[in-house]
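Participant: Mind looking at a prediction? Sequence and model below.
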Amino acid sequence: QVQLVESGGGLVQAGGSLRLSCAASGYSGSSYAMGWFRQAPGKEREFVATVSWSGAITYYSDSVKGRFTISRVYAKNTVYLLMNSLKPEDTGVYYCATAPATSRLRAAYTNWGQGTQVTVSS
């Protein structure tokens with residue numbers, strides 16, 4: 001049973017930083033990409049960033065490019081999302097997920113965590 005557990009969310013002022021973590025367990029054998037999505041109240045869940053199994057390939061949404069950095073540590077089966085220069089529009093529940101390969105499409109991801117709340121005050 002694959003499990004993903006996010007942590008690191010919280011309340012921060014605009015311009016501040018947060019680092020989210022997502023620990024994966026229950027995987028065996030095959031490689032997988034990991035991604036972050038977010039969902040603001042009343043809105044669809046949207047792609048934020050993804051990283052390949054090797055860590056060499058990353059993609060970001062245009063809204064976070066240059067401010068957020070995704071990375072992974074294999075020894076800990078963990079993926080991180082470092083968020084700098086946060087804006088109020090970054091507020092939402094952040095979810096991590098796994099997919100066979102990097103993708104910006106929500107439908108490509110098969111396992112999801114429960115999410116962690118990020119609130120950016122103006």
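Facilitator: Good, I have the coordinates.
Participant: what stretches of the protein score poorly on pLDDT?
Facilitator: For the chain, the stretches flagged by pLDDT under 70 are 29.
Participant: Can you tell me the centre-most residue of it?
Facilitator: residue 36 (2.3 Å; C-alpha atoms, centre = their mean).
Participant: gap between that one and residue 88?
Facilitator: Distance check for residue 36 against residue 88: by C-beta to C-beta, to the nearest Å, it reads 18 Å. C-beta: built from backbone N, CA, C; applies to glycine.
Participant: And for residue 25?
Facilitator: Counting by C-beta to C-beta - residue 25 and residue 88 are separated by 34 Å.
Participant: again, but for residue 19
Facilitator: Distance from residue 19 to residue 88, by C-beta to C-beta: 19 Å.
Participant: Which one of these two is surrounded by more residues?
Facilitator: residue 19 (14 against 11; other C-beta atoms under 10 Å).
Participant: what about the more buried one, which helix or strand?
Facilitator: strand 18-25 (DSSP states H and E).
Participant: Tell me the gap between that strand and the middle of its chain.
Facilitator: From the chain centre to the centre of strand 18-25 is a distance of 8 Å (C-alpha atoms, centre = their mean, to the nearest Å).
Participant: Spell out the secondary structure type for residue 55.
Facilitator: coil (DSSP: H, G, I helix; E, B strand; the rest coil).
Participant: Show me what the residue lying closest to it once chain neighbours are set aside bridges to in the sheet.
Facilitator: In this structure, residue 55 finds its nearest non-sequential neighbour in residue 72, 5.4 Å apart by C-beta to C-beta, 6 or more residues apart in numbering. Taking DSSP bridges as the rule, residue 72 bridges to residue 79.
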